[in-house]
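> build the 3D model from these lines:
(2 chains)
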Amino acid sequence: MKNRQILLRVLSYARPHLAYLLLALALALVSVGFSLYVPVLTGQGVDLIVGEGMVDFICLIPILIKLAISVGISALAQWLLGLCTNRVSYLTVRDIRIRAMEVVSDLPLSTIDSTPHGDILSRITTDIDLISEGLLTGFTQAFTGIVTILGTLFFMLELNPGISLVVVLVTPLSLFIASFIAKRSFAYFREQSELRGEMSSMAEEMVTGQRVVKAFNREDACEAAFGEINEKLRVCGIRALFFSSITNPATRFVNGLVYAGVGVFGALAVMGGGLSVGQLSAFLSYANQYTKPFNEISGVLAELQSAIASAGRVFDIIDQPVQSPDPAGATVLTQVDGSVRVEHLSFSYRKETPLLRDLNLGVEPGQRIAIVGPTGCGKTTIINLLMRFYDPDEGRILVSGRDVQQVTRDSLRSMYGMVLQETWLKNGTVFENIAYGKPDARLEEVTAAAKAAHAHSFIQRLPDGYDTLLSEDGGNLSQGQKQLLCIARVMLCLPPMLILDEATSSIDTRTELHIQNAFAELMRGRTSFIVAHRLSTIREADCILVMNKGRVVEMGSHDELINANGFYKKLYMSQFGA
Amino acid sequence: MKKLLAYLKPYAMESVVGPLFKLLEACFELAVPLVMAAVIDRGVPAGDRGYVLSMGAVLVGLGLLGFASSLTAQYFAAKASMGFGTGLRQAVFHHINTLAQVQLEQAGAPSLVTRLTVDINQAQAGVNLVLRLFLRSPFIVIGAVLMSLFIDVKLTVIFLAASPLLALCIYLVMRFTLPMYRGIQGRLDLVSKLTRQNLSGARVIRAFSRQKDEQAAFVDASSKLTQAQLLAGRISALLNPATFTIVNLAVLCILWFGGVRVNAGQLSQGQLIALINYMSQILLALVALANLIISMTRATASMQRIAELMAIKPTVVDRAVAVPTPESGAAKLAFQNVYFSYPGAQDFALSAIDFAVRQGQWIGVIGGTGSGKSTLVNLIPRFFDPSAGVVLLDGRPLQDYPLKVLRNRVGIVPQRASLFRGTIRSNLLFGNEKASEEDLWRALEIAQAADFVREKEDGLDAPVLQDGKNLSGGQRQRLTIARALVKRPQILILDDSASALDYATEAALRKALRENGFGTTVFVVSQRVASIQNADAILVLEDGHMAGFASHGALYQTSEVYKEICHSQLKSEEVRRG
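Numbers count the residues shown, from 1 in each chain, chains lettered A, B, ... in the order given. Alright, predicted model coming up:
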């Protein structure tokens, strides 16, 4: 996308607030116009105060009244301008943010899996904020700045074209100096941010690896390495900071030159009779302010650049293709018998490396399917396809005789109870988490589910029991306890089919034994797919899918596979050492 | 907070001289309106061109002097603040290194890294701003008032009324908006928390069809953020119009009462203009101060966070100087009635732990999730100290050993295999910088890692990325074992790290350790009976209590807990065979 297009697109989000935007521009004109009129009035006043006994109070009064009114109007317009700008920028940004999130919650999981979450996160938070600061606020600032420059020029030319020329000629010097400094300091800033990046990754490594640092007495060595980069940062930082901080004094210096120039030429003009003293004072105050809008605009332009880049990143997300919607007339599954048929299924995450090829599988209602294989062999792929987190390239899956592509995703998913290896809990109370699949559940139901999952006793020991707030990713719980909550979550819904992905991997074997009993209860009469690590689960399965390097290499019952003397047997021997 | 400023002490000279030069610049700036008044009052009426031109030269000279002193001030400020940041950063890093493992875990690595990087940068920027600007604004205000006093005592009343009014205005706006901005930050945090949650929980949210609810929660959070922003914006938008109004009303008063004074012959026209000039200088200075205060609050918040971190007293203190002589006949390692509770926790994580092991013994530690296995072994290298009771090494309390000596004798292979950026060699040399090439290979052989290292193109010098990302889980685990072996520890702790090892590796490791003749005592923490059942003794933990300490055979007869663990994992013939 080109910069202009991005800008237009941001403005298109501002369209609902267009009235405020236009109002803001009008208010900017009013506010700037009247504020620039103030020095003229002051000058007129000064001209009436010539010297001892030469003060025209009668003429001074109307001027002072005009002055007061101008100040009042300008201030009021300034305030309203601020309100309008805020409204436009904050509301627009809110709309963009909500739109972006809408897209995110409708993204195919393949996109979510393959994009670093921190990246999406920073686009939805930081980048969107930059749009508000850089584009929308910047827009009115730039407009105000331009109006100020033009207005000042107009008033100055009105007063005296010759002296205006002095101002117009010297002022660009400040822009030149500012850009010179910016160029110099940019290099130092880049070096500084590189060093900072290096330092944070070093700090992160050493802080997260503290246990090892301590165990191996590496504190001193670490501090020395840290100190080295810290010193580099200091040297480079002084330069970066110094260069960037001379922009203001340099501008002030140029301003001083303009002031001196106006003072001298103005005084000469007064002597020549081409200018009154009051007009000179008006000129002096214009001279004082003239460079300000230039600096502001150049600041805004720099911000605009980064804001456009940010907006581009945000629109990248909004433009991501979302998952295909449920087809028109898709049926809502309300009941299933638990039979699953997989027919000629092919799937690949990347076209060049096919994963599943022509997989066929018939699962009778209530059967238990174990999926085994070394880590990273693609066991979770099957779950992704069953849950329609991903759609197959070829072939189809039938649940209860229905092609899953022809039913709504939500209703299909509600037929499965899923417990994944990665225990995800939301920010909220224990109760809310267990009731996640059934938000209107009563406390008794939730407690019953927790009891069934052997989670009740530890929940009771938590500070606020079922009302305990879980911090992000359940920080205050152990991995095993989180897993138990995830199981309770499924226990509450009791869906007709189950998907368990190494669901008990981080629970100790005794607790697991209890859970297994609960699971056995849960699995009775329910079709279950289990990514299995435990021997007992595997042996009790009706069918074992043995996977390796993304392929289903063997399929059958435990005894059949042992007798086949193939990959399964090798795997079994190495894992269970029998 | 005051303690942090101690890091500015080495730059005391810069911190004083910098602001002084800044004040010098302000003086030059304050002189300008007086010069201009002289031009108007003496040069113009007399028609003295030479005087006007020489005063013009004075103005340019003042500008140059101001520029020069400002550059000096900025340089000293940059030097002092960067030095401050660098010193503080090193100190905080050192402090983190002295904290006990429990304390680090409580603080959380990400938050520690943020304090070390972002917060210190903020604090550093804050110090810089204060050195550069904080004195300037009040000085200009006071200076301008003094100048007006110098010009006309009576009119000074206007300045004395306007300045506090302006200050009050700024104070009120700050007073109301600063807490609001803090609230806004909180709401922004919520928005990003929800975003992160929607990404990490995409599967579960979809499995339970809760997308709409999550989106609604997001819309709600975004809208609340916007409302808060609008409210704060409404108040802060008042600042500029209000100060603009006050200053111009003051100018109005100067014109009127100044007119009276001029009429009476007590004031000249030029002086009147100078007074108006001083008024606008006050406005500019106070607005700069307002911006400064906003940046300062950010810096103080950061400093607060750093100060909090620095205030944490390390619980594990290294007091011992000399290495105590071992008590003859004492056990290699003994726990005597040891209790441990995590800070803030109500229950003991370990209670009444009492056992002793001889040199060269192979000890298994088994128990459920959260039974205290890791806590127990972490007491040995003093990652934290017991709440009660004592741990003895060679009959002497651990506290009697200098930390370095103790940790040199204890090798630990943590649960999470953490490697550091560098090469395989640099990682292995962690424990013993002087280890020979031969030592390294031997350690690799024992850890069954020699083969894959040999296969690497660069062998020992093969690069290791952060967190060892370029190695597989098993490879990382083996390298961490080799790393611990390079140290030739007297006590080796495998904290559930054997999960990545197969039986062959474990057996080889065991054999090698027996044969190497160092008499290494080994602790193996595991959830798997299979990996500890051949140990000389097994410590069974349940809920932090000892539920047995004996060999597999004996425990199987006497400990119900152990028996239950065994049955949950092994086939009956395997149990008996063990």
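> now tell me what touches stretch A:539-547 from outside.
By C-beta atoms under 8 Å, 6 or more residues apart in numbering or on different chains, the list of residues contacting stretch A:539-547 from outside reads A:361, A:363-364, A:367-373, A:377-379, A:382, A:530, A:532, A:538, A:552-558, A:561, A:567-568, A:571. All C-beta atoms are positioned from the backbone trio N, CA, C, and that covers glycine.
> in chain B, where's the longest helix?
Ranked by number of residues, the top helix in chain B under DSSP state H is helix B:49-98.
> just checking, what packs against it?
helix A:161-208, helix A:210-215, helix A:219-245, helix A:247-272, helix B:12-38, helix B:120-129, helix B:269-311 (3 or more C-beta pairs under 8 Å, 6 or more residues apart in numbering or on different chains; DSSP states H and E).
> quick one: low-confidence parts of the stretch 351-500 of chain A?
Residue ranges of the stretch 351-500 of chain A with pLDDT under 70: A:374-378, A:471-476, A:479.
> strands of that one, start to end?
A:356-363, A:368-372, A:394-399, A:402-403, A:416-419, A:428-429, A:469-470, A:497-501 (DSSP state E, counting those that start in this stretch).
> mind checking which of these is nearest chain B?
Taking C-beta to the nearest C-beta, strand A:416-419 is the member of the strands of the stretch 351-500 of chain A nearest to chain B, at 4.7 Å.
> residues from the stretch 251-400 of chain B in reach of chain A?
B:251-252, B:255-256, B:258-260, B:262-265, B:268-270, B:272-273, B:276-277, B:280, B:367-371, B:381, B:383 (C-beta under 8 Å from any C-beta of the partner chain).
> what average pLDDT does the helix or strand containing B:T245 get?
Element membership for B:T245 (DSSP states H and E) is helix B:239-263. Averaging pLDDT along helix B:239-263 gives 92.
> before we move on, what about stretch A:122-141?
For stretch A:122-141, the per-residue pLDDT averages 81.
> please apply the same query to stretch A:237-254.
In this model, stretch A:237-254 has a mean pLDDT of 86.
> same question for stretch B:39-57.
91.
> picking that back up, which of the residues in the helix holding B:T245 are buried?
For helix B:239-263, the neighbour count (16 or more other C-beta atoms under 10 Å in any protein chain shown) marks B:239-259, B:261-263 as buried.
> counting contacts, what elements does that helix pack onto?
So helix B:239-263, by 3+ C-beta pairs under 8 Å, 6+ apart, packs with helix A:18-48, helix A:57-104, helix B:156-200, helix B:269-311.
> of those, which approaches B:E455 most closely?
Smallest distance to B:E455 across those (C-beta to C-beta): 35.9 Å, for helix B:156-200.
> by contact count, what packs against the closest one?
helix A:57-104, helix A:117-122, helix B:136-151, helix B:211-236, helix B:239-263, helix B:269-311.
> now with 7 Å?
Using 3 or more C-beta pairs under 7 Å, 6 or more residues apart in numbering or on different chains; DSSP states H and E, the elements in contact with helix B:156-200 are helix A:117-122, helix B:136-151, helix B:211-236, helix B:239-263, helix B:269-311.
> hmm, the third one touching chain A?
Yep, that's helix B:211-236 we're talking about. Yes - applying C-beta under 7 Å from any C-beta of the partner chain, one finds helix B:211-236 touching chain A at B:Q211, B:E214, B:Q215, B:F218, B:V219, B:S222, B:S223, B:T226, B:Q229, B:L230, B:G233, B:R234.
> farthest pair in those?
Across the residues of helix B:211-236 next to chain A (C-beta to C-beta), the longest gap, 34.6 Å, separates B:Q211 and B:R234.
> dump the residue contacts of A:K438.
A:K438 is in contact with A:L492, A:C493, counting by C-beta atoms under 7 Å, 6 or more residues apart in numbering or on different chains.
> good, wrapping up.
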